[in-house]
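> how does the following fold in three dimensions:
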Amino acid sequence: MKFPLAMLVAAALLPAANWANASAQPDPADPGVSVPTLKYESVFSHYLPFQESSLVNWLDTRNESKPEGMDDMDVPARPNTKPQGNGHSNHNMQNR
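Numbers count the residues shown, from 1 in each chain. As a prediction, the model looks like this:
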């Protein structure tokens, strides 16, 4: 497998670029080096205390959110679904 020439040149120059960058940085052990000032912000600086909200009647809220045209709709009555007889009369049981 052959590498392109550009890859070889980049690989050869990478250590030199890193060495040049390292020499430009100040020594971290030097106490006289100027550093940017740190800004402290408490995690609670944007805290808002809990505020009780007023209670609203649930029926009024439901009526306000009901779509238009549904005021006159009634819920249909539930049909009588109780089985007739002793509760097992609708089974087709065979004597064996």
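
> for the protein, just list every one of the helices.
Using DSSP state H, the helices found in the chain span residues 5-24, 58-65.

> out of the ones you listed, nearest to residue 46?
Closest approach to residue 46 among the helices of the chain (CB to CB): helix 58-65, 30.7 Å. (Each C-beta comes from the backbone N, C-alpha and C, glycine too.)

> who does that closest one touch, helix- and strand-wise?
For helix 58-65, there is no helix or strand it packs on, judged by 3 or more CB pairs under 8 Å, 6 or more residues apart in numbering; DSSP states H and E.

> what mean pLDDT does it get?
In this model, helix 58-65 carries a mean pLDDT of 83.

> can I get that helix in CSV? Just the C-alpha atoms.
Extracted C-alpha coordinates of helix 58-65, given in CSV (Å, rounded to 0.1, in the frame of the first residue of the first chain):
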residue,chain,number,x,y,z
TRP,A,58,-61.6,21.7,36.4
LEU,A,59,-65.1,21.9,34.8
ASP,A,60,-64.5,25.4,33.6
THR,A,61,-61.1,24.5,32.2
ARG,A,62,-62.6,21.5,30.3
ASN,A,63,-65.4,23.6,28.9
GLU,A,64,-63.0,26.2,27.7
SER,A,65,-60.9,23.6,25.9
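
> burial measure for residue 48, as a count.
Neighbours of residue 48 under the rule other CB atoms under 10 Å: 5.

> that should have said residue 46, apologies.
For residue 46, using other CB under 10 Å, the count is 7.

> let me know the pLDDT of it.
Per-residue confidence (pLDDT) for residue 46: 93.

> with the one 4 residues further on instead?
Note on residue 50: pLDDT of 91.

> what residue ranges in the chain score low on pLDDT?
Along the chain, segments meeting pLDDT under 70 span 1-3, 16-23, 69-91, 93-96.

> please report the distance of residue 61 from residue 92.
Residue 61 sits 51 Å away from residue 92, going by CB to CB, to the nearest Å.

> between the two, which is the more surrounded one?
Taking other CB under 10 Å, residue 61 and residue 92 do not tie; residue 61 has more neighbours (10 against 4).
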